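Pasting the sequence and the predicted model now:
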Amino acid sequence: MAGERRPSGDRPPVAVRVARAGDGAVRVTAATGGAEAGGGAGAAFARLVLDVAGAVLRWPGGVRALADGAGSGLPSARIHDVSAAQEWLWALYGVPVAAAVQACALGEAGAAADLPAQPGPLTVAATRLAYGHWAARWWPASFPDRIPALAADLLGLERAASTYRCQQLFDGSGEQFDDCAAELIEEHEAGLDPLIAWWHGGVRDTASAGRVERILRLVDAAADGAGLDGPALRGLRTALDRRPPGTEAGPPRPSPDLGALFARQRDYALAAGDPSAAGGRVIARGTGLNDWRRYPPGALDACEDALTWTVRALGARRRIEVEALAGVAGPWGGPPLVAEITVDGGPAGRIPLTARGDALVGQAEVALPAAGPGRIEVGVLLPGFDPGPEPASGAVSGVALAADPSADRAADRAEREAVRGSARRRLARETPGAAPAPLLAEAAAAAVAATDTEDY
Amino acid sequence: MPSPSQPSSERTPRAMVIDRAWRALGPGLEALSGPQGAPLTRSVKLIVLPLVVRPSLHPDLAADFLEGPQAARLEELVRQAGDPLRATAQWFTRLKKARRALGVVAGNPQDLYFQPCFELATRYGAPAAGADERARAVVEELAEAGGGRTVEALKDHLADPDRQARLDAALAAPGGARRGDRAGDRGALSADEQRLAALALDALEACGGADGTGPGAAFTALLDGAFGTLVGRLLWARTSGLWGRDDLPTHLELTAHPRPPRPRVGRGASTATLPAPLDRTLFERLFGVLQASVRREELPPVAELVRREVGRSCAPLGLHDESLRVAVVLGGRLAVGLDPLGGGDPELRRTAAHRVVNGRWQREASVLRARRMTTGPDAGGGALAALAEDLRTPWVPYMRRLWVRLHGRDVREAAFEDLAALWAVLDGVARSVMMDHRARVRAALRALSVAPAAGEARSA
């Protein structure tokens, strides 16, 4: 595969600007498309961020630009502690940018001239880490959309390995949220045995073959450095000792079934209509708004019409029934999600949802205007998780709140569709220039999905 | 990574010079290096800078950017340290082995062992015969560091009923320090109190500017006027109105009572149930100090620790040193203007220090959204909503953390020498409070995401 292994000399320099923000922070942004580098650019679910020593990195254009090979792959930086950031600025952007940041912090900067930034191996690794974190939070897994879920433990170990690979970006103080290799290893230890089995069984996919071993070695080194221990990690050490790098372990063994190794897609039992809900005359039905930001990862299927509703007339009464498609990994078992109903922009009412088959369902009586059912809007959220609308924060330069909420909704819908498109293209490896190169979790999901298609 | 042949400006980042010199040392440093051969961040922070480069001896190497000659000298220093560094790497491997064998799990091995390994390397060279025993001894010694200054020792010391009674009597003695002037309760601010408020704002304005702290005149005035002591006494006298908001108590929840009660001796403590700082028993106050594993060997012996804590816990704000009491004043003024949710009273958050800290909170909020780690106030929102509600009273966790940190300094007799040192602590506490919150959100969300699997396992 193209991508990570290219020598740094092949990567063209990217023009960036270094400037001081109002609050004393120093910013490094791409010279073109500067507005994109602002704090609130794009919907939250498309943003790539990384918390590093002395700075926050963001990738302009978010996940779409990366996955579509459209961006330079170069993050922008908001540096609040220049001295801490000098440990890695030179490796991420090159010396001229590091020097310009220093000059800017000392107030020596002249005119805001464009500077050549030279992306290096650390830039590639940081992009991979940021993308891995994004995938763990926002991957749009969906059964109707045929976008398989990513195996959480595999992805977790891959993120741990990436974190360790990027150790230069963190200062070891525990103050950077993304400096969490040890936590990720502890949380996703269960993925070690399948990953070792995959490695031992021979990885068919050449792009992934080297990566499996690399990840295992990085995880081992990260665990060793952090003083982690336990049966799974000892098993890893033994496996790595037994097979030194570059040697083949005897005759090729049969390739393992990836679906068996990593959580396989569940077979869907689409919920049949609840008999108790039948009856009455259907007077309205529609699709609700599946806003990913209002519930935790995996709680619902990510497809656009995961949420449907029906209003029935039972004599003079009106009843609304809501049905939401559960997440691909299994029905939500946390505290109850609720459907939020508004009629003609009135106050929102809530209906708790309960699991039935692969759906979450709920119903309640509603008061509707006599003239007709009116404009009914339905959404799903987890109370306490839903953060509400994002404020136009002071960090965002000149981005006004859209006056028209329906324009916002249309933009969000387009953004979700674009994210799904990116995910599909990555699974199909349609965009050779896409950065980062496919994650193992993506490769495994694509392989499992390919086997599953035979069953359809 | 820029190649060495790149037309570089004459100044080079010090980190890059170290990186190059490190790689030039060749193999044998794997245990101290990252996956791509770069030195580990901790190798630089704990070994190369303090023990090899030693900027205190070479002040011209203390900068983030180095001129040609300085860069060459630094490279030479690292090159000369090649043998000890390779030996350090070997010792580190031995110590990790010993650690595993002894079943030690506490602490980060790099933090704990890097410097001792460098000491072993300079003293004995590479590990030779008997090295494993030596490694074992070092690991054991570090695991038991503190020379008896432990919570256990404190428990034993306070177990004696006669001693308990004596200490309790000493704590009950009506020290003049605890006598407050209740006449001022709820009244208008006195001239001193008004001057105090103005000075606190001046000092905070001088903190957190782009260039660190400005002149420390306000800090000096606060110290000279013993304004920290004044606030400590006001805690016993005035119940509100001090912080520019009538709805906030003078004590800022440093106590759960209207006024701090007289301290008791106590005989037990647990981290999960520690009361507000000024309500803590003698035992609980020292428990916090002894529990923090860092530099316990610097503490006075337990008996002395207890003796001094009696006086300290009766003193204003539970602190002896005036500069630390002033830090409570400045921290309090900063804390009442913390505004993690945005939209607070601009008058309360108008200093440079407030802008720095609140700016960080707001960026954090944006990053948490991108991380899908959000919370929102919601009557039906359970634990997550409770975390969101906590952000409405940020001064509570801020003041608690600040007090613990100041108390730790007081016990070690580490006064603040200038405003810059004080601001570093105020800012650090603000970061800690934010990270605490973030960690609690993460834990709460993790608890949610574990639930479905557990549910399925039960039903299967």
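Done, it's in.

now the helices: where do they sit in chain A?
Secondary structure of chain A, counting by DSSP state H: helices at A:62-67, A:82-85, A:89-93, A:95-105, A:121-138, A:152-165, A:181-187, A:192-201, A:206-226, A:231-242, A:258-261, A:405-428, A:440-453.

Give me the mean pLDDT for the second one.
So that's helix A:82-85. On average, the pLDDT along helix A:82-85 is 94.

Buried residues of stretch B:287-299, list them for me.
Neighbour counts using 16 or more other Cβ atoms under 10 Å in any protein chain shown place B:F287, B:G288, B:V289, B:L290, B:R296, B:L299 of stretch B:287-299 among the buried residues. Every C-beta, even on glycine, is put in place using the N, C-alpha and C of the backbone.

residues of the helix or strand containing B:R20 that come out buried?
Using DSSP states H and E, the element containing B:R20 is helix B:14-24. Neighbour counts over helix B:14-24 (16+ other Cβ under 10 Å) mark B:R14, B:A15, B:M16, B:V17, B:I18, B:D19, B:R20, B:A21, B:W22 as buried.

if I read this right, the fifth one contacts B:V78, doesn't it?
Yes: between B:I18 and B:V78 there is a contact under Cβ atoms under 8 Å: 6.6 Å.

Can you pull the residues that touch both of those two?
B:V48, B:V53 (Cβ atoms under 8 Å, 6 or more residues apart in numbering or on different chains).

Need the nearest residue in space to residue 290, chain neighbours excluded.
Since you didn't name a chain, this refers to chain A. In this structure, A:N290 finds its nearest non-sequential neighbour in A:A306, 4.7 Å apart by Cβ to Cβ, 6 or more residues apart in numbering or on different chains.

please go with chain B instead
Among residues not flanking B:L290 along the chain, B:V151 sits closest, at 4.9 Å (Cβ to Cβ, 6+ apart).

since we're on the one you found, how many residues are nearby?
By other Cβ atoms under 10 Å in any protein chain shown, the residues close to B:V151 number 17.

what's the next secondary structure element after the helix holding B:R20?
Counting by DSSP H and E, what follows helix B:14-24 is helix B:41-42.

The helix or strand just after that next one: partners in the sheet, and parallel or antiparallel?
With elements assigned by DSSP H and E, the helix or strand that comes after helix B:41-42 is strand B:65-66. Here strand B:65-66 has these sheet partners by DSSP bridges: strand B:12-13 (antiparallel).

Now do the same contact list for B:L324.
For B:L324, the contact set (Cβ under 8 Å, 6+ apart) comprises B:G228, B:L317, B:L406, B:R409, B:D410, B:A415, B:F416.

What residues does the stretch 351-460 of chain B have near chain A?
B:355-356, B:359-360, B:362-363, B:365-367, B:369-372, B:374-376, B:378-386, B:388, B:431, B:435, B:438, B:445-446, B:448-449, B:451-456 (Cβ under 8 Å from any Cβ of the partner chain).

what's the nearest residue to the residue in the stretch 351-456 of chain A that chain B sits nearest to if we skip its chain neighbours?
Using Cβ to the nearest Cβ, the closest approach of the stretch 351-456 of chain A to chain B is made by A:G384 at 2.5 Å. Excluding the flanking residues, the one nearest A:G384 by Cβ to Cβ, 6+ apart is B:G381, at 2.5 Å.

tell me the phi and psi of that neighbour?
phi -100, psi 0 (degrees, to the nearest 10).

burial measure for it, as a count.
Neighbour number of B:G381 under other Cβ under 10 Å is 21.

One more: A:G22?
With other Cβ under 10 Å as criterion, A:G22 counts 10.

what about it, distance to chain B?
9 Å (Cβ to the nearest Cβ, to the nearest Å).

near chain B, which residues of the stretch 201-350 of chain A show up?
So the stretch 201-350 of chain A meets chain B at A:217-218, A:221, A:224-227, A:229, A:292-293, A:296-298, A:329-335, A:338, A:350 (Cβ under 8 Å from any Cβ).

mind running it again at 10 Å?
With the criterion set to Cβ under 10 Å from any Cβ of the partner chain, the stretch 201-350 of chain A comes near chain B through A:214, A:217-218, A:221-222, A:224-230, A:234, A:292-299, A:326-327, A:329-336, A:338, A:350.
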